[in-house]
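Chemist: dropping a prediction and its sequence here:
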Amino acid sequence: KRGKYKEAEPLCKRALEIREKVLGKDHPDVAKQLNNLALLCQNQGKYEEVEYYYCRALEIYECRLGPDDPNVAKTKNNLASCFLKQGKYKEAEILYKEILTRAHEKEFGSVDAENKPIWMHAEEREEMSKGKHRDNTPYGEYGGWYKACKVNSPTVNTTLRNLGALYRRQGKLEAAETLEECAARSRKQSNTGIDPIHQTRVVEILKDTEGERRRSRDSLTSVKYESGSETGEEA
C-alpha cells in the first residue's frame, strides 16, 4: 500500500496544479484536493507536508466558505489527527476545543460565564473532583452542559470522544467521563452514523499510555474513539 501511495502522490499533485490553474488557488475544490494530498502524505509519514496542506485547505475553507462550514471542522479534525500521530497533543487539544467552542456558539450564542461550551464544564468538573477528594465537598451543579448533547453533528461527536481520549491520557478522568457521556447521549439522541471521514481510532494512537490508565482504574468502562481521515475528502 505504501508503494501505491507513493505512486499516487505525483498524480494528486498534478491534479492540484490543474485545479489551481483552472479554478484559482483559493477555490474550495482546491482545498478538497489539498485534503486528499495531505492524506497521501500522512500515510507515508510526511507530517510536515501534511500540516502544510491541511493548514492551507483550512485557510481556504474559512475565507471562502466561512468558519461555520462543516469542512472547516472536518479539516481541523484531520489536522488534529496529524498532530496526535506526532505526539503533539497540546496542538491537537487546541483544535478540538476550537471545534467544540464554535459548535456551541452556533447553537447557543456567545460564550460567557453562564453559557460555556462542554469542554469548559468538563474541566471545571475535573477541578471540582480534586476539591472533593481534598475536603469532601460535593460536586457542583453543571448548569446547562447537557445542551451540548443536542448538537446534531457527527464531527462534533467525534471531537468529544477524541478530546475525551486526550483528557484520559492527561489523567483528567472526570473531564474525560463528562465528554464521553455527552458524546454517548448525543449519538443516541441524533441516531446518526459515524462521520465516514473520521474512522481512525484515536485510541490506537494513545493505546500505550491509555492501557496504564485503565489498569489503574478498572471500574471505568472503555469507550471507542474516532479521529483523523483514513478515506480523505472526495475530490
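Modeler: Arrived safely, thanks for sending. Quick caveat: nothing in here was measured; it's all calculated off a predicted structure.
Chemist: going by C-alpha atoms from here, please, whenever you check contacts or count neighbours.
Modeler: Noted.
Chemist: contacting residues for the nearest residue to A183 once chain neighbours are set aside?
Modeler: Of all residues not flanking A183 in the chain, N157 sits nearest, at 5.3 Å (CA to CA, 6 or more residues apart in numbering). Residues near N157 by CA atoms under 8 Å, 6 or more residues apart in numbering: 183, 186-187.
Chemist: what strand or helix carries E62?
Modeler: helix 47-65 (DSSP states H and E).
Chemist: what's the answer for E93, then?
Modeler: Going by DSSP H and E, E93 is part of helix 89-108.
Chemist: which other helices and strands contact that helix?
Modeler: Applying 3 or more CA pairs under 8 Å, 6 or more residues apart in numbering; DSSP states H and E, one finds that helix 89-108 contacts helix 70-85, helix 118-135, helix 154-169.
Chemist: okay, buried residues for that helix please.
Modeler: The neighbour-count check on helix 89-108 (16 or more other CA atoms under 10 Å) flags 89, 92-93, 95-97, 99-104 as buried.
Chemist: what's the angle from that helix to helix 154-169?
Modeler: Following axes from the mean of the first three to the mean of the last three CA atoms, to 10 degrees, one obtains 140 degrees for the angle between helix 89-108 and helix 154-169.
Chemist: next, count neighbours for V22.
Modeler: Here the count is done by other CA atoms under 10 Å, and V22 has 11 residues near it.
Chemist: wasn't it part of a helix?
Modeler: Yes: with DSSP: H, G, I helix; E, B strand; the rest coil as the criterion, V22 is part of a helix.
Chemist: and it, how far is that from L16?
Modeler: 10 Å (CA to CA, to the nearest Å).
Chemist: again with V50
Modeler: 15 Å.
Chemist: more neighbours: the two, which one.
Modeler: V50 (26 against 21).
Chemist: quick one, what contacts L34?
Modeler: 16, 53-54, 56-57.
Chemist: check the residues you listed and tell me the two furthest apart.
Modeler: L16 and Y54 (13.5 Å; CA to CA).
Chemist: break the chain into its domains for me.
Modeler: The domain map for the chain lists 1-66, 88-235, with the assignment taken from automatic domain parsing.
Chemist: pretty sure P117 contacts L100?
Modeler: Yes: using CA atoms under 8 Å, P117 makes contact with L100 at a distance of 6.7 Å.
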